[in-house]
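Participant: Model the structure of this input:
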Amino acid sequence: MAEDIDVVYTWVDGSDPAFQAAVRQYATAASGEWNSCRYRNNDELRYSMRSLFRYAPWVRRIHILTNGQLPSWLVRSHPKIHLVTHGEVFPEPEYLPTFNSNAIEMCLHRIPGISRRFLYFNDDTFLSRSVQPSDFFLEEGQMLYVQNTPLPAGRLRGSARDRACAHTQSVLTELWGPPPAPRFLPAHVPQAYDRDVLYRLESTLRDDFQRTASHRFRSGDDLVLSVLYLYTLHEAAGERGRHRLRVLCGPGPSRQYSLLMIEKKYFWMARFYLDILWKRPRFLCINDDLDDVPAHHPLLLGLRAFLRLYFPWRGPVEQSAGGAYRRLLQAISNRFHFPFGLRKRTAPLPCASAADPITGPSKL
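Facilitator: The predicted model follows:
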């Protein structure tokens, strides 16, 4: 597949005092839900981009969508980097500033110069093995990755995120009719999108897109883009049969997919990190879901140490940084082969064909 494919990251530095002041200012006057852990910066973007450059070097361009903040370590002049602000993509300036990831994701297709097909990475999503465009896009369709967790269905209970998923389910049912099978959560992997399909969805659901974009904080009547897009491709009459739905094991570690939610379970967390080091999952997500804890909390220190150990090399878009500490990390990495994987197990994956773990027959 010779088609250009870009990557989009959304990023915010929740430790910035100006950002924190803006959150407090608007949170007192806005409805919706917010949690400080969603904005906490553990330097995940740095390590996600290290994994991207190593394991998906074929990506044409990387668009970093922010509220105007920039990582201090980023080489802004690198030819693959395109910095974009919310003001360049949001339909109405009065919707800004926003602290709602659902609202920001409604505008990804509006990024100037973005390729028709692109991947969206949350900054807590990483690659541990080489991937190819065919892992995401087919000649006439694309891969649709879900994990074996049912989508929330209750619109009146749960977190704002759960209620928004349930609301999006109801919108899907209105559009395409009752689902042919139970719907599952999209997996926490790089999300593949077609810009033209997103524009068509925006045209069809203009009021819903606008309403979601107008919410400064997450709300129960937001559209969730990953759910809306995935099940439109899976269920819409004009799309059925063109795309391949795959169920990934989750959330426990496998060689294909691992989702780690940071919890206050120290022994369990240490064991999970060791499993990741052993299995080196192709797709990895480490989600900081701790409550309002200080930046020096042991679990956060452990997360940062793990990321430094797991991705010890310096990426091509990072400003140079030397020192004995980095050399020590590199020596440890070389000794235990962390960048290239530990000794490989040969057992087949439980949720995919051993011969073809990505594109084998669907379980749905």
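Participant: Now the element after the lengthiest strand in the chain, going C-ward?
Facilitator: Using DSSP state E, we find that the single longest strand of the chain is strand 143-150. Using DSSP states H and E, the helix or strand that follows strand 143-150 in sequence is helix 160-176.
Participant: and the next helix or strand after that following helix, which strands flank it?
Facilitator: Per DSSP H and E, the first helix or strand lying C-terminal to helix 160-176 is strand 184-186. Strand pairing for strand 184-186, using DSSP bridges, gives strand 143-150 (antiparallel).
Participant: Now do A22 against S214, distance only.
Facilitator: 17 Å (C-beta to C-beta, to the nearest Å). Bear in mind the C-beta positions are built from the backbone N, C-alpha and C, glycine included.
Participant: Could you do Y266 as well?
Facilitator: Distance from Y266 to S214, by C-beta to C-beta: 41 Å.
Participant: Compare the two and say which is more crowded by neighbours.
Facilitator: Comparing Y266 with S214 by other C-beta atoms under 10 Å, the one with more neighbours is S214, at 17 against 11.
Participant: how deep is Q69 tucked in, by neighbour count?
Facilitator: 16.
Participant: can I assume it is in contact with F19?
Facilitator: Yes - if you go by C-beta atoms under 8 Å, Q69 and F19 touch, sitting 7.0 Å apart.
Participant: any shared contact partners between these two?
Facilitator: Here Q69 and F19 share the contacting residues 12-13, scored by C-beta atoms under 8 Å, 6 or more residues apart in numbering.
Participant: average pLDDT for stretch 239-259?
Facilitator: Stretch 239-259 carries an average pLDDT of 86.
Participant: Just give the closest residue to P180, not the sequence neighbours.
Facilitator: Using C-beta to C-beta, 6 or more residues apart in numbering and skipping the chain neighbours, the partner closest in space to P180 is E235 (7.0 Å).
Participant: Repeat that for Q132.
Facilitator: Leaving aside its chain neighbours, Q132 sits nearest to W58 (7.4 Å; criterion: C-beta to C-beta, 6+ apart).
Participant: Tell me the spacing between that neighbour and E139.
Facilitator: 17 Å.
Participant: try P316
Facilitator: The separation that P316 has from E139, given C-beta to C-beta, amounts to 31 Å.
Participant: what do you get for R206?
Facilitator: Relative to E139, and taking C-beta to C-beta, R206 is found at 31 Å.
Participant: Ok, R200 next?
Facilitator: Taking C-beta to C-beta, one finds R200 at 20 Å from E139.
Participant: Just the buried residues of stretch 201-212, please?
Facilitator: 201-202, 205, 208-209, 211-212 (16 or more other C-beta atoms under 10 Å).
Participant: Give the residue spans of the stretch 151-300 of the chain that score low on pLDDT.
Facilitator: 250-252 (pLDDT under 70).
Participant: residues in contact with the longest strand of the chain?
Facilitator: 135-137, 182-189, 192, 230, 233-234, 243-251, 257, 259, 283, 351, 358-359, 364.
Participant: in the sheet, who's paired with P150?
Facilitator: F184.
Participant: Show me how far stretch 309-319 is from its chain's centre.
Facilitator: Centroid displacement of stretch 309-319 relative to its chain, using C-alpha atoms, centre = their mean, to the nearest Å, is 19 Å.
Participant: What of stretch 101-109?
Facilitator: The answer for stretch 101-109 is 12 Å, by C-alpha atoms, centre = their mean.
Participant: Then stretch 59-71?
Facilitator: So, by C-alpha atoms, centre = their mean, the centroid of stretch 59-71 is 14 Å from its chain's centroid.
Participant: Enumerate every residue touching G68.
Facilitator: Contacts of G68 by C-beta under 8 Å, 6+ apart are 85-86.
Participant: what about the helices in the chain?
Facilitator: Here the chain has its helices, by DSSP state H, at 17-27, 44-55, 86-89, 101-105, 160-176, 195-204, 206-214, 225-235, 266-279, 298-310, 324-336.
Participant: Many thanks, we can stop here.
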